[in-house]
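Q: Fold the following.
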Amino acid sequence: MKTFIEIIAIAIMVVASQMAFGQSKEKTLLRTEQLAARLELNDTQKAQLDKEFKANEEARKQRAEKYRALREEMKRDAFVERQAQHERLKEILTPEQLEKLKAMKSEGQRRGKARFQDRRGERMDRARIEQFRKRRPMMYKQRMERLKEMKEKEEGGGN
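A: Numbering: from 1, shown residues only. This is a model prediction of the structure:
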């Protein structure tokens with residue numbers, strides 16, 4: 001169980017790092033140009049900033065590769081541990097009990113998979129889809145109203 005949790009934690013870290021830091025070279029250049037325009041940077045500053053962004057991008061890529069390798073290693077370790085546990089169970093349980101355990105695991109996986117798919121929205125029925133479509137514009141409108149209120153407060157507070 002501990003190994004499984006570690007695998008999940010590593011997987012989450014890898015995905016998060018890829019999402020947060022998955023920039024291409026064009027994006028670093030675009031980011032540099034945007035900052036240069038806003039901050040009125042000179043050419044030397046632009047070059048230094050671009051160099052810094054590219055160095056950070058390379059470091060992120062190296063971290064992602066390291067986490068990917070670590071995740072693969074942990075997968076192998078978890079597989080070996082599951083096999084060892086299965087062998088230990090074979091020594092303890094009778095063949096009938098092993099069959100029952102196998103059936104229980106299979107049933108639990110089917111139920112868990114159905115629940116998981118339902119939560120992810122893969123099995124959304126038409127009523128839920130329509131409900132979501134109706135709420136979406138309303139949520140957008142509410143968000144825009146809140147932003148407008150915040151902006152008015154900022155402008156009013158500055159006077």
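Q: Strands along this structure, start to end?
A: All residues of the chain lie outside strands when identified by DSSP state E.
Q: Where does pLDDT dip in it?
A: 1-2, 4, 9, 11, 13-25, 109-129, 132-133, 157-159 (pLDDT under 70).
Q: and it, what are its domains?
A: Using automatic domain parsing, the domain ranges for the chain come out as 1-92, 94-123, 126-159.
Q: In JSON lines: those, plus mean neighbour count.
A: Any C-beta I mention is one placed from the backbone N, CA and C, and that applies to glycine too. Shown next, in JSON lines, are the domains of the chain (neighbours: other C-beta atoms under 10 Å):
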{"stretch": "domain 1-92", "mean neighbour count": "13"}
{"stretch": "domain 94-123", "mean neighbour count": "10"}
{"stretch": "domain 126-159", "mean neighbour count": "9"}
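Q: any idea how far L70 lies from T28?
A: 26 Å (C-beta to C-beta, to the nearest Å).
Q: what does K153 give?
A: 36 Å.
Q: With F53 instead?
A: From F53 across to T28, the span is 4 Å (C-beta to C-beta).
Q: quick one, helices of the chain?
A: Assigned by DSSP state H, the helices in the chain fall at 2-21, 25-39, 43-92, 95-120, 126-157.
Q: Can you give the distance from stretch 63-77 to the centre of its chain?
A: Centre-to-centre, stretch 63-77 and its host chain are 16 Å apart (C-alpha atoms, centre = their mean, to the nearest Å).
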